[in-house]
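sharing a model that was predicted from the sequence below.
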Amino acid sequence: MTIITRKWLECCLSGKLILSVQIAVVFCVLSAVRCQVMAGETDFLKTIGRETYPHAHAVVVKEEETMIFREDGSHRVFDEVFLKVLDDKGLRENAVQTFSINRSYSDLELRYLAVIKEDGTCIQVDIDANSREDTASRYSRMNIYNSLQRDLKVFVPGLEVGDTIHYRLFRNVFKPVMENRIYGVVSAQHTIPVRLYRFSLKGPEHVRIKWLVKDEIPESVRYRETVSGGERVMAWEFSNVPEIVPEPYMPPVDRLVMRLLFSSIDSWEAVSRWYYGLVEPRLKPTGEITAKVRELVSGLDADMEKIAAIFYFVAREIRYMGITAESGRPGFEPHDVGLTFSRRHGVCRDKAALLVSMLREAGFRADPVLMRMRTRLDEEIPVPYFNHAVTRVLLGGGRVLYLDPTSETSRQFLPDYERDCSCLVASSGGDSLAVTPVQPPEENLVTIAVRSHLKPNRSLLGTIRVRCTGFADTVMRSAMMRKGRRERRDAIRRFFRARRPGIELADIHWSDPADRSKPFSFRCEFRLPEAVLPGCGHVCFLVPVSSMKHMGVLDGLIDRAGMVERRYPLRLDYTFVTRLTESIRFPEKNVHPNLSCATTGHHAIGCSKVSRKAGDHRAVQMPDGAEDAIACDRMRLDTDLFSWKTCFRLEGGSELVIKRELTVRKTEIPAEEYHQVKTIQSDQRLGILIPVIMEDR
């Protein structure tokens, strides 16, 4: 299977099958011999070029893939590919072909590799001399070592623009992850065009296969089925499939491309029962586990206190590290919880299983959960393509709590990047595919309180206090725990200077990032020199601290809206609320705010001109009448996706209170609603001007 045919991974939690054409640079000795091509065999390659594909870097000109399966789920795959390179980028991306193998489940043999020149000359590549097999490095970066997860990298010598890579691949899957079942997701569309791709599925006639072409491109798919001699052949032909053009911060490409799903699994409930049978025998607690649970919950009455005590023990005291050595279903099957507890380390499935066992010992209804990280599976056809494991607890009143103990620094039970993801609970009766709930934005709250006073010398002096909860707490806490005291102080300075250039901080304090009993917070004193910009006459313009861009920890996500319009959804990943309140006191004499100016766009009208330096700000207008009135910014927005507002209140004539609040309610913004993000982005880039009367002293 190539990048076009099986990009959707048949993977275990430590990784299973990955097979793709990747960008890589490998320098090795070139070795090639001439090969023979029969006359007319590759004439179709001459029709592919810049004239037919003016914007493509490479083209899958032709691919024939056949999967032959047995009743026990084992299968053989034969794949032949012609991939033509059209420009330098295509050359860089295909100079090294990478094929991944999990030798716990399969063997792979690259039987033939050649380069076909534009004139039809064929140069066969010496595969042994130009290939190398390594342990897959991507898992070591996740602190997991699996000597059986391998990458075969093959350098294609002499490859030039206009050449075609031709290879034949054989894979033998001798042990499926889910026995006695055949299943798969085949990508028929990718970031390069596909001229012709044929996929065939062959097996016993009595094995019933459910299938679906998802996000089908009209007039690009043909299907036929034949039965002969007790064998059923299901064949799909995909032709003239256009490339998908990726956009920044879009959902995973695999969720958007045209794809073929097939499975002999009856339902998601069947997958749930299968995983229950795999995990349940591993959950029996030892005497040491029972004693530890009693110790952790001793003296605690509230359920959430008990859950938190057990959760933080597994998260902090059981290190995230894995050496895959399971004999049954590596990547899915956890070790016995007693072994994980005694070793004090394990990967996600080990830690999740231990957490389940300990919570059950404490009297809670807990179960292991399979998860598809950062995306959702197609509900229509069941396939066990999960890559993570967590824990679920059922509480009173029908409440459901998901917990992931792999993060050693987070206060959150479930990080926000694991929300809105497909999940499946292991259950003896079978459970249906679900989605982890999106965090209410108020749970990811950053509050900023600024108290200041304006000095006659046009500077602002005051204090700033910041308090973080939810994922904002996780971000700040994890960043601070990796730093020394001086680095932490510098990090807080950078936090504010990036948002309000020129601000000077002193007397900086922060809470202990290792203390998870309370939200992370920090505070400081500040001075903002030249906070008042010149205007005309007695009227000048104050730029308050609250004028800063990206007030909170997660607000910078709005900068992902870098395109004028989008074709695909925009992933913001997190819901959150940032709430800033600034109180500014003015001197009793000589200086006072004048908030009755009319405004339009970036400029103030009716009181004075705004200096050129203030051209990226807008002035404030209060209602006519008088003090203690409230005005909200004209750009306020309130929809089911966002809420954004700025309000002003003048108290007693000498104190101005500014309140700004941004709420993001969805983790994914549909393309048709993208303009709302652009509105907020534009509004955030405009600062606030407070017209101020500066009388002669």
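Received, thanks. These figures come from a predicted structure and were not determined experimentally.

hey, let's count contacts and neighbours off CA atoms from now on
Will do.

surely residue 562 is in a helix?
No. Counting by DSSP: H, G, I helix; E, B strand; the rest coil, residue 562 is not found in a helix; it is coil.

any idea how far residue 61 lies from residue 244?
Computed with C-alpha to C-alpha, to the nearest Å, the distance linking residue 61 and residue 244 is 16 Å.

neighbour count winner among those two?
Between residue 61 and residue 244, counted using other C-alpha atoms under 10 Å, the more crowded position is residue 61 (21 against 15).

my read is that the more buried one contacts residue 198, right?
No. Under the criterion of C-alpha atoms under 8 Å, residue 61 makes no contact with residue 198, lying 11.4 Å away.

so where's the chain uncertain?
1-41, 136-147, 322-328, 535-538, 588-635, 694-697 (pLDDT under 70).

residue contacts, the nearest residue to residue 640 once chain neighbours are set aside?
Distances taken as C-alpha to C-alpha, 6 or more residues apart in numbering put residue 665 closest to residue 640, at 6.8 Å, once the chain neighbours are dropped. By C-alpha atoms under 8 Å, 6 or more residues apart in numbering, residue 665 lies in contact with 440-441, 575-576, 640-642.

quick one: secondary structure of residue 492?
Taking three-state DSSP as the rule, one finds residue 492 in the helix state.

can you check residue 412 too?
Reduced to three states with three-state DSSP, the structure at residue 412 is coil.

repeat that for residue 213.
Each residue gets one of three states, and residue 213 gets strand by three-state DSSP.

residues contacting it?
Contacts were defined as C-alpha under 8 Å, 6+ apart; by that measure residue 213 touches 258-261.

helices - which of those land there?
The helices, defined by DSSP state H, take in nothing from these.

and those, which two are the farthest apart?
258 and 261 (10.0 Å; C-alpha to C-alpha).

any common contacting residues for these two?
Residues within reach of residue 258 and of residue 261 at once, by C-alpha under 8 Å, 6+ apart, are 213-214.

shouldn't residue 674 be within a strand?
No. Membership of residue 674 in a strand is not supported by three-state DSSP, which gives helix.

do I have it right that it meets residue 565?
Yes. Proximity of residue 674 to residue 565 meets the contact threshold set by C-alpha under 8 Å, at 7.0 Å.

neighbour count: these two, which is higher?
More neighbours surround residue 674 than the other of residue 674 and residue 565, with 20 against 13 (other C-alpha under 10 Å).

and the gap between residue 195 and residue 587?
Look at residue 195 and residue 587: by C-alpha to C-alpha, they are 74 Å apart.

which one's more surrounded, the two?
The neighbour count for residue 195 versus residue 587, taken as other C-alpha under 10 Å, is higher for residue 195 (16 against 13).

state the distance from the more buried one to residue 287.
For residue 195, the distance to residue 287 (C-alpha to C-alpha) stands at 62 Å.

what's the answer for residue 210, then?
In this structure, residue 210 lies at 47 Å from residue 287, with C-alpha to C-alpha as the measure.

what of residue 422?
When distances are taken as C-alpha to C-alpha, residue 422 and residue 287 turn out to be 35 Å apart.

what residues are bridge-paired with the nearest residue to residue 662 once chain neighbours are set aside?
Nearest residue to residue 662, sequence neighbours excluded (C-alpha to C-alpha, 6+ apart): residue 644, at 4.6 Å. Beta-bridge partners for residue 644, by DSSP bridges, are residue 637, residue 662.

what sits against residue 644?
Shown here is residue 644, whose contacts under the criterion C-alpha under 8 Å, 6+ apart are 635-638, 660-663, 680.

now the two most distant members of those.
Across those, the two members that end up farthest from each other (C-alpha to C-alpha) are 635 and 663, 14.3 Å apart.

what about those two, which has more around it?
Shown here are residue 635 and residue 663; by other C-alpha under 10 Å, residue 663 has more neighbours (23 against 13).

you'd agree the more buried one is up against residue 440?
No. Using C-alpha under 8 Å, residue 663 is not in contact with residue 440, being 10.3 Å away.

what residues are shared contacts of those two?
Between them, residue 663 and residue 440 share the neighbouring residues 575-576, with contact defined by C-alpha under 8 Å, 6+ apart.

if you count what's nearby, which of residue 422 and residue 287 comes out ahead?
When neighbours are counted by other C-alpha under 10 Å, residue 422 and residue 287 differ, and residue 422 comes out ahead with 22 against 10.

between the two ends of stretch 570-580, how far is it?
For stretch 570-580, the first-to-last residue distance is 26 Å (C-alpha to C-alpha).

for stretch 242-252, same thing?
Distance between the boundary residues of stretch 242-252 (C-alpha to C-alpha) amounts to 18 Å.

list the buried residues in that stretch.
For stretch 242-252, the buried set under the neighbour-count rule, 16 or more other C-alpha atoms under 10 Å, comprises 242-243, 249-251.

and residue 266, what does it touch?
Contacts for residue 266 were tallied using C-alpha under 8 Å, 6+ apart; they are residue 382.

wait, residue 297 touches residue 309, no?
Yes. Between residue 297 and residue 309 there is a contact at 6.8 Å, judged by C-alpha under 8 Å.

the spatially closest residue to residue 684 that is not a sequence neighbour: neighbouring residues, count only.
In space, residue 684 comes closest to residue 549 once its chain neighbours are excluded; the distance is 5.9 Å by C-alpha to C-alpha, 6+ apart. Residue 549 is flanked by 19 other residues according to other C-alpha under 10 Å.

surely residue 549 touches residue 497?
No. No contact is recorded between residue 549 and residue 497 when judged using C-alpha under 8 Å, the distance being 10.6 Å.

give me the element residue 223 is part of.
Using DSSP states H and E, residue 223 sits in strand 221-228.

could you point out the helix or strand that follows that strand?
Moving toward the C-terminus from strand 221-228, the first helix or strand encountered (DSSP H and E) is strand 231-241.

which other helices and strands contact that following strand?
Using 3 or more C-alpha pairs under 8 Å, 6 or more residues apart in numbering; DSSP states H and E as the contact test, the elements touching strand 231-241 are strand 194-204, strand 221-228.

residues contacting the shortest one, please?
Residues lying outside strand 221-228 but in contact with it, judged by C-alpha under 8 Å, 6+ apart, are 205, 232-239.
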